[in-house]
Each structure stands twice: as structure tokens, then as C-alpha cells.
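Asks: Have a look; sequence and predicted model below, questions after that.
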Amino acid sequence: LRGWFMLDLISSIPTELVAFALASHAGRTDFTLLAVLKTPRMLRLGRVMRFVEKLEYANAWKITQYLLLMALLAHWVACVLIAISKDDEAEVTFRIMGTDSMAESDDMRYIVALYRAFLLLTGSDAAPVNFTQHVYCSTVLLFGACFMAAVVGNMAVLIANFNMSQTRQQQKTAMMAETLRSLKLPAHIVKRVQRHYDFVTRHHRDEAGLKLLEELPTTMYLDIFNHLHFETIRAVPLFHGCAEAFINAIVVVLNSHVVLENEFVVLQGELGKEMYFLVKGSVQVICNHSTMAILTAHSFFGEVA
């Protein structure tokens, strides 16, 4: 009975059928109230929103929510503005701005009132014509300023974090550029470093985000990295016949390493402490300025260093 059970139960009650049966029994034909009785079903929107927030484009959905909320609030403001407008002042209240013509139909009056509502919510003058409208417009201006400040602030944060991984990489690139300038390194070294960070930003997952996975329970963390690397490790002839626990121990200590074209992974004579598994791309094995071999994806090297 926990979680969403009560909301689902309430929203599933066929209240409109009960009201329809009662109204029919009483001989009434006005069923306007039925639309109001369907509102409990809107409680399930909360569950839908929770689901959408977990999707890839959750920030875009949140921005849409703010826009819909603003439109809904403007609708309510417009409805109240129409309700407090007197008939003898309709010519002034519902005059189409920039012209001398008045909105005659109810639809046109609603459009004019909605436009004035947006003006109020954004802090502009809606030209009230009587005391009641002055009080109402002043109140809407006050709360509208707070509402718009909150909406604009939150939307700015959402847009800035639309791609958090790319944002973090760009921040790292900017910090690195500042560090390189302060060290006064040669131009060719600066260019190599910048090219490396540009490539990582465009083509590789955010390593800072992967660090968050370390906070997960051990079994869950192991399942994720087994999905990413288990087949790569097991395909190496050196590990054929090894126990699954042994391969799991290797998987969890793997580190991602990006090397660009014309850069060296290891040099002859260096002390070797790592074994490399080539996931994507290719590398050349060079000795005495001659290419001895070309290793492609799913190859490995460094095991005999």
C-alpha cells in the first residue's frame, strides 16, 4: 500500500459514471460537473513526470514544464481579468492594442486578456481601467515578478546543464588553457594538449561521471563494468581458462586512456607497469623507425613488459 498505490486508486475511481447515473436518475441533462469530477485522474501526472525526469532529455522536459506552468498561470490571470471587467468598460478593457477596434467575440476577448496577462507576469503595464483592476494588476505584478525570477533562474540553470558532461569537459579545457598560459609552454606543446582535450570532449564519455559509479554497491558496480569490459578481457588468449572472479578483479581496475594520432603510448626502454587493451582505433609498433606491426581493436600489448 505504499508508493503510488493510493494515488492510482483514487484516480481509477469512475466518478463520472457515478455522477452520470445519479444525474440520469434525477432526470437532469446538464452534465457540466462531469468534467470537474475527472480531475482526480490528473493526480497520475505526478507519476508520469517522475518517469520522464529519468529519461535522457530530462532537462528539456523540465524546461517544457516551466513553459506550460507559465501558460497555465497566464490563463488563470486572464480568466480573472475577464471576470472582474465590467460590461460598460469592455470597450477599453478588450481593445486590441495598437488599434481602435474592440474584441467582439468571447474568443477574441480571451486572447486580448491572455496577452495582458503575459504582460503582467513579465512586469509590463496592462492598462487597468477601474479600481478593482488596479488592485488586481498590482497584485499580479508583485507575485508575477517573483514567479518570473524563479522561472528564469531555474531555466538558466537547466539550459547551462543541458549537457552536464560536455559542460564539465569545457570547464576542464578552460582550466587547462589557463594553466598552459601561466606555464608559458612552447606553442607546439600547447597545441597538442588542446587537441587532446578537444578530442576527448567530442568523442569520449565523461570520466568524472564514471567516478560517481564507485559510490554504488560492489555487486552493482561490478555488473556495470562487466557489461562494458568483460568480453574484451575474456577474448585475450592470455586469460583463457581463468576463473570469472579473476577476470572480475581485472575489470574493476581498468582505466580509460585516450591517445591521439602521432602520439606515443609507450617508448622502448621505459619501465612497463601496465597492460593495454585496444578498444577502438589502431596503433603502430615501431622499431628503428620501421613499422613492425599494426594492432587493431580488441588487440592487447604490454603483457611482457
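Replies: Yep, it's here.
Asks: Longest helix in this structure, by number of residues?
Replies: For the chain, the longest helix by residue count, based on DSSP state H, is helix 131-160.
Asks: And it, what does it pack against?
Replies: Applying 3 or more CB pairs under 8 Å, 6 or more residues apart in numbering; DSSP states H and E, one finds that helix 131-160 contacts helix 58-83, helix 106-121. Bear in mind the C-beta positions are built from the backbone N, C-alpha and C, glycine included.
Asks: what packs against the last one?
Replies: Under the contact criterion of 3+ CB pairs under 8 Å, 6+ apart, the helices and strands touching helix 106-121 comprise helix 58-83, helix 131-160.
Asks: Using a markdown table, lay out those together with distance to Leu212.
Replies: Below are these laid out as a markdown table (distance: least, CB to CB, whole Å):
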| stretch | distance to Leu212 |
| --- | --- |
| helix 58-83 | 16 |
| helix 131-160 | 19 |
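Asks: circling back to that earlier point, right, and the helices and strands packed on helix 131-160 - which one's nearest Ala245?
Replies: Ala245 lies closest, by CB to CB, to one member of these: helix 58-83, at 37.1 Å.
Asks: Need the mean per-residue confidence for the closest one.
Replies: Averaged over helix 58-83, pLDDT sits at 83.
Asks: tilt between that helix and helix 106-121?
Replies: Inter-element angle recorded for helix 58-83 and helix 106-121: 110 degrees (by axes from the mean of the first three to the mean of the last three CA atoms, to 10 degrees).
Asks: List the buried residues of helix 58-83.
Replies: 59, 62-63, 70, 73-74, 77-78, 81-82 (16 or more other CB atoms under 10 Å).
Asks: Considering those, which is situated nearest to Phe118?
Replies: Relative to Phe118, the closest of the buried residues of helix 58-83 is Ala74; by CB to CB it sits at 5.2 Å.
Asks: ok, for that closest one, nearest residue in space, not its chain neighbours?
Replies: Leaving aside its sequence neighbours, Ala74 sits nearest to Ala117 (CB to CB, 6 or more residues apart in numbering; 4.3 Å).
Asks: Ala74 contacts Leu121, correct?
Replies: Yes: look at Ala74 against Leu121 with CB atoms under 8 Å: they come within range, at 6.0 Å.
Asks: returning to what we had before: how about CSV for the buried residues of helix 58-83, with distance to Asp107 added?
Replies: Below are those laid out as CSV (distance: CB to CB, whole Å):
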residue, distance to Asp107
Asn59, 35
Lys62, 32
Ile63, 29
Met70, 21
Leu73, 20
Ala74, 16
Val77, 17
Ala78, 12
Leu81, 15
Ile82, 12
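Asks: of those residues, closest to Thr232?
Replies: Distances from Thr232 to the buried residues of helix 58-83, taken by CB to CB, are shortest for Asn59, at 32.6 Å.
Asks: gap between the closest one and Gln65?
Replies: From Asn59 over to Gln65 the distance is 10 Å, taken as CB to CB, to the nearest Å.
Asks: Tell me the helix or strand right after the host helix or strand of Ala249.
Replies: Assessed by DSSP states H and E, Ala249 sits inside helix 244-251. Once the chain leaves helix 244-251, the next helix or strand it forms, by DSSP H and E, is strand 276-277.
Asks: Neighbouring strands of that next one in the sheet, and parallel or not?
Replies: strand 300-301 (antiparallel) (DSSP bridges).
Asks: got a list of contacts for the strand it pairs with?
Replies: Taking contacts as CB atoms under 8 Å, 6 or more residues apart in numbering, the residues outside strand 300-301 that touch it are 236, 238, 275-278, 283, 285, 295.
Asks: Could I get the average pLDDT for that strand?
Replies: On average, strand 300-301 scores 86.
Asks: pLDDT below threshold where in the stretch 151-300 of the chain?
Replies: The model of the stretch 151-300 of the chain has pLDDT under 70 over residues 161-166, 203-210.
Asks: Angles on the backbone of the nearest residue to Ile189 once chain neighbours are set aside, please.
Replies: Spatial nearest neighbour of Ile189, chain neighbours left out: Leu180 (7.9 Å); criterion: CB to CB, 6+ apart. The phi and psi values for Leu180, taken as degrees, to the nearest 10, are phi -60, psi -40.
Asks: Thanks again, I'm all set now.
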